[in-house]
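>>> from the sequence below, what's the structure:
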Amino acid sequence: MSGHREVTYTLDFGAGRQNRRDHKARSDRQVPDGDAAGVPIPRIARLMALAIRLEGLLRDGTIRDYAELARMGRVTRARMTQIMKLLDLAPDIQEQILFLPLIQGLNERNLRPIANRIDWEEQRRMFQTITAPMGRIGDSA
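Model prediction:
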C-alpha cells in the first residue's frame, strides 16, 4: 500500500446553535414547509404537533423518557415538560390549536394555566376566554 490516496470530507459547521442573523439569511433562501402556500404556521401549532409526535415516539419505545427527548432537542428537561403539557389539553382544544389561524398573543405560556386544569369543560371555557379577545393576524378590528 504505497500508493497515494486522496480523501475528501464534507463537514457541516452549522450543526450547532445558530445566531438569528444566520437563521434569517437561510430563511430568505428557503421556504419552510408551512409557508409553501404563503400562510405561516403559528408557533403554538408547531409546538402542539411536536408534542403529539414526541408522545408517539415515547409510546412506541423509540425514546425512553423526557430527559432523552430534552437531550436530543437540546432543550432543558423543564422546557420539554412544558411542551409535553400541551397534551393535557382537551382533544378538541388540541385540534383547534393545530388548525387555528395566526392569533396575536396566543402562545404556550398562555396555555399553561388551561393545561393545568383537569376538567375539560373548564379548559374549554378558559380557552374561549383567552382566544376571543385576541385578534387574528390580518383581520381588521
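
>>> and after whichever strand or helix holds residue 52, which helix or strand comes next?
According to DSSP states H and E, residue 52 maps onto helix 43-59. For helix 43-59, the following helix or strand on the C-terminal side (DSSP H and E) is helix 66-73.

>>> residues of that following helix that come out buried?
By 16 or more other Cβ atoms under 10 Å, the buried positions in helix 66-73 come out as 66, 69, 70. No exception for glycine: its C-beta is placed from N, CA and C like everyone else's.

>>> ok, residues contacting it?
54, 57, 58, 63, 76, 77, 79, 80, 81, 84 (Cβ atoms under 8 Å, 6 or more residues apart in numbering).

>>> was I right to think the fourth one contacts residue 54?
Meaning residue 63. Yes - counting by Cβ atoms under 8 Å, residue 63 does reach residue 54; the two are 7.2 Å apart.

>>> more crowded one of the two?
Shown here are residue 63 and residue 54; by other Cβ atoms under 10 Å, residue 54 has more neighbours (20 against 17).

>>> can you list the low-confidence ranges for the protein?
Scanning the chain with the threshold set as pLDDT under 70 gives 1-37, 133-141.

>>> please redo it, this time with the cut-off set to 50
11, 13, 15, 25-29, 31, 140-141 (pLDDT under 50).

>>> where do the helices of it begin and end?
Assigned by DSSP state H, the helices in the chain fall at 20-29, 43-59, 66-73, 77-84, 91-99, 108-115, 120-131.

>>> quick one: buried residues of stretch 94-114?
Applying 16+ other Cβ under 10 Å to stretch 94-114 flags 94, 96, 97, 102, 103, 106, 108, 111, 114 as buried.

>>> give me the residues contacting that stretch.
Residues contacting stretch 94-114 (Cβ under 8 Å, 6+ apart): 40, 42-45, 47-49, 52, 82-83, 85-87, 89, 93, 123, 126-127, 130-131, 134-138.

>>> mind checking which of these are buried?
Buried, going by 16+ other Cβ under 10 Å: 42, 44-45, 47-49, 82-83, 85-86, 89, 93, 123, 126-127, 131, out of the contacts of stretch 94-114.

>>> pretty sure residue 126 contacts residue 117?
Yes - using Cβ under 8 Å, residue 126 is in contact with residue 117, at 6.8 Å.
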